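Engineer: Predicted model follows, preceded by the sequence.
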Amino acid sequence: MNQAKRKSSLSSSNTGKKATKKSIRVAVAIMAAGKGTRLKSQLPKVLHEVGGMPLLEHVIRTAARLVQPSDVYAIIGHEAERVRAAMAHTGINFVLQSEQRGTGHALMVAQEALSGYDNVIVLSGDAPMISSATITNLKDFHLAEQAAMTLLSAELENPTGYGRVLRKSPKSAEVLGIVEEKSASAAQKKLREINSGFYVFDVKELYSRIGELSTDNPHQEYYLTDMARVFRNARKRVVAWKTAIPSEVLGGNTRAELADIDQQIRFTKCRQLMADGVTIFYPATCVIDADVEIAPDSVIEPNVQLLGKTKIGANTRIRSYCVIRDSEIGSDVTVRPGSIIEGSQIASGAIIGPYSHLRPGSHIGERAHVGNFVETKKIKLGKGSKANHLTYLGDAEIGDSVNIGAGTITCNYDGVHKHTTIIDDGVFIGSDSTLVAPIRVGKGAYVGAASCITENVPDDALAIGRGRQVVKEGWARQKRAERERS
Ligand code: UD1
Ligand code: CA
């Protein structure tokens, strides 16, 4: 890099005798105010989800790898309050562009927020695949070139719809201008090098000339892309840096583009998991969110959804048609087909399903079994305990080595309040029993099949709560005879 630096580039100032190195102040501005007309949606464009997260959240995460969240500014406008509320947890700043008059106008509105910085990295809120590594390269190139404006370009197979980069000459880094699709000549439309919508600007230069933008174009908007021409006219340096990974710059302007991006993000996620030792059959059929973690030697069968903050241990098998959200699953677990698990924890060696429904707060112990058509909610099921068939267990504390017979129901709700069922270690609950909470079944006790249990059962007792069986000898024979006579 040339040592005759400009003030806004890496600069050192002499304070007295000691030279102190002053680092450059860099902000990230994310343009996110647009309506997204082409999506035909009530939801603002940047809140549409790809890879299990809103578009804007992907971009914010990338920005937060480059600078502190306090140096990130999202420019919001259309449905601003909704966007702000959805992204408040990220800790970034927001700038309001109440009227959306183009990408150039978005940066005009952000002048006050950005004036304390030397450089600003501009990202698009609708292009979520950009990596921090690429943006770092772009920024380094900008500083080395001492440019007023540096844009990220990419060579696309199908450049339709994007702005095209007009270079001074094919080999030159210097850019003469950017022409939008709508204004491009037939020859310009053939150019495959596109403007990605990511830029680095020298803040002082940007705001000393941004007033020269005009709305003299088919959209009657202030185009940020026109800053290239403005700077050229003022003999300021404008350069382009071309990424070798064109897929990173794709934007989601239409539902079809969103689907493409979603597929790519999920494909990348699957690739990463496979590289880390996870087997995924037919990855194209699996939906795995960005934050999901899976340990090596686990197997994900076709048509599985793993969502939110789900964590899966080693050597676990998730069979087809399972949907698992925000849950922790240990190692050596089998989740059989068609199970739905949400906000739950499953310890190692457990077997779940087929067709189990684990609702939030289900804690399934080591080697426990939860089987066909069993619904659980807010329960603890102890080590080695089994509830294998057609059962509802809600608000229950169930000990170790308990057997819950088919058709057991914890009656946890009295119409007003929820009550707890406690089942101690080693209990056997016979099939088709109802346990009316609050209730406790003591250690080692038995409950006879088809009982309605309304009182506590002491340790080691047998409780039977059902009408006594009556046998009427010859009753059926007599009935038949009566029918034949009449
Ligand atoms: C823009 C570029 C185009 C580039 C493409 C890359 C311009 C004029 N054109 O086109 O050269 O190839 O991105 O994806 O910049 N936004 C605001 N405020 C506004 C208008 C837009 O914040 O007033 C935001 C949008 O929410 C969006 C981003 O800016 O996140 C880009 O706007 P969009 O309308 O999608 O621009 P493109 O037509 O894609
Ligand atoms: Ca766009």
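Structural biologist: Received, thanks. Ligands and ions are numbered 1, 2, ... in the order given.

Engineer: contacting residues for E328?
Structural biologist: T310, K311, S344, Q345, I346 (CB atoms under 8 Å, 6 or more residues apart in numbering). To be clear about C-beta, it is placed using only N, CA and C from the backbone, and glycine gets the same treatment.

Engineer: oh sorry, the question was meant for P54
Structural biologist: V46, L47, H48, A86, M87.

Engineer: what's the closest of those to ligand 1?
Structural biologist: Ligand 1 lies nearest to V46 out of the contacts of P54, by CB to the nearest ligand atom, at 6.1 Å.

Engineer: Could you verify that that closest one is part of a strand?
Structural biologist: No - judged by DSSP: H, G, I helix; E, B strand; the rest coil, V46 forms no part of a strand; its state is helix.

Engineer: correct me, but it touches G125?
Structural biologist: Yes - using CB atoms under 8 Å, V46 makes contact with G125 at a distance of 4.1 Å.

Engineer: Common neighbours of those two, please.
Structural biologist: Common neighbours of V46 and G125 (CB under 8 Å, 6+ apart) are A32, G34, L55, L56.

Engineer: Hmm, which of those is lowest in pLDDT?
Structural biologist: When those are compared by pLDDT, G34 scores lowest at 91.

Engineer: What distance do you get for that one to Y117?
Structural biologist: Separation of G34 from Y117 (CB to CB, to the nearest Å): 23 Å.

Engineer: ditto for V470
Structural biologist: Distance from V470 to Y117, by CB to CB: 88 Å.

Engineer: Out of the shared contacts of V46 and G125, give me the one that has the most neighbours.
Structural biologist: Within the shared contacts of V46 and G125, most neighbours by other CB atoms under 10 Å means A32, with 31 neighbours.

Engineer: what bridges to it?
Structural biologist: I76 (DSSP bridges).

Engineer: Kindly provide the distance from it to ligand 2.
Structural biologist: 11 Å (CB to the ion, to the nearest Å).

Engineer: My guess is that residue contacts P128. True?
Structural biologist: No - A32 lies out of contact with P128 (CB under 8 Å); the separation is 11.3 Å.

Engineer: Need the residues touching each of the two.
Structural biologist: Shared contacts of A32 and P128 (CB under 8 Å, 6+ apart): L56, V59.

Engineer: and whatever residue of the stretch 151-300 of the chain ends up closest to ligand 2, what are its phi and psi?
Structural biologist: At 3.8 Å from ligand 2, G251 is the closest residue in the stretch 151-300 of the chain, using CB to the ion. Backbone torsions for G251, taken as degrees, to the nearest 10, come to phi -110, psi 150.

Engineer: Among the contacts of E328, which lie within strands?
Structural biologist: If you go by DSSP state E, those have K311, Q345, I346 in strands.

Engineer: thinking again about what came up before, between V470 and Y117, who's got more neighbours?
Structural biologist: It is Y117, of V470 and Y117, that has more neighbours when counted by other CB under 10 Å, with 22 against 5.

Engineer: Torsion angles phi and psi at the more buried one?
Structural biologist: Dihedral angles (degrees, to the nearest 10) for Y117: phi -110, psi 160.

Engineer: Likewise for Q111?
Structural biologist: Torsion angles, degrees, to the nearest 10, at Q111: phi -50, psi -50.

Engineer: Pull up the gap between it and L435, please.
Structural biologist: According to CB to CB, Q111 and L435 sit 67 Å apart.

Engineer: Over to D216?
Structural biologist: D216 sits 77 Å away from L435, going by CB to CB.

Engineer: Comparing the two, which shows the higher neighbour count?
Structural biologist: Higher neighbour count among D216 and L435: L435, with 27 against 8, using other CB under 10 Å.

Engineer: Note down every partner strand of the helix or strand where that one lies and its orientation.
Structural biologist: According to DSSP states H and E, L435 maps onto strand 434-436. Strand 434-436 pairs in its sheet with strand 409-411 (parallel), strand 452-453 (parallel), by DSSP bridges.

Engineer: List the contacts of that strand.
Structural biologist: Contacts for strand 434-436 (CB under 8 Å, 6+ apart): 408-411, 421, 423, 429, 441, 447, 451-454.

Engineer: Got a quick PyMOL command for the buried subset of the residues you listed?
Structural biologist: To isolate the buried members of the contacts of strand 434-436 in PyMOL, using 16 or more other CB atoms under 10 Å:
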select buried, resi 408+409+410+411+421+423+429+441+447+451+453
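
Engineer: ok, of the contacts of strand 434-436, which one's closest to G394?
Structural biologist: The nearest member of the contacts of strand 434-436 to G394, counting by CB to CB, is T410 at 5.5 Å.

Engineer: The closest one bridge partners, please.
Structural biologist: Assigned bridge partners for T410, using DSSP bridges, are L435.

Engineer: What of W241?
Structural biologist: Residues in beta-bridge contact with W241 (DSSP bridges): L152.

Engineer: wait, doesn't it sit right on L152?
Structural biologist: Yes - between W241 and L152 there is a contact at 6.0 Å, judged by CB under 8 Å.

Engineer: residues in contact with D395?
Structural biologist: Counting by CB under 8 Å, 6+ apart, D395 has contacts K377, K378, I379, T410, N412, K418, H419, T420, T421, A437.

Engineer: show me the residues around the last one that make contact.
Structural biologist: It refers to A437. Contacts of A437 by CB under 8 Å, 6+ apart are D395, A396, T410, C411, N412, K418, H419, T420, T421.

Engineer: Find me the pLDDT at the fourth one, would you?
Structural biologist: You'll see C411 listed with a pLDDT of 98.

Engineer: Which of the helices or strands spans the residue of the stretch 351-486 of the chain found nearest ligand 1?
Structural biologist: Residue nearest to ligand 1 within the stretch 351-486 of the chain: P360 (34.9 Å; CB to the nearest ligand atom). Per DSSP H and E, P360 falls between elements, in no helix or strand.

Engineer: Please give me every residue in contact with the nearest residue to it once chain neighbours are set aside.
Structural biologist: Take P360 and drop its neighbours on the chain: the residue closest to it by CB to CB, 6 or more residues apart in numbering is G343, 3.3 Å away. Residues near G343 by CB under 8 Å, 6+ apart: R325, D326, S327, R359, P360, G361, S362.

Engineer: What distance do you get for G343 to ligand 1?
Structural biologist: Going from G343 to ligand 1 by CB to the nearest ligand atom, to the nearest Å gives 33 Å.

Engineer: Low-confidence stretches in this structure?
Structural biologist: Within the chain, the stretches with pLDDT under 70 are 1-21.

Engineer: Can you tell me which residues in it are near ligand 2?
Structural biologist: Taking CB under 5 Å from the ion as the contact definition, the chain meets ligand 2 at D126, G251, N253.
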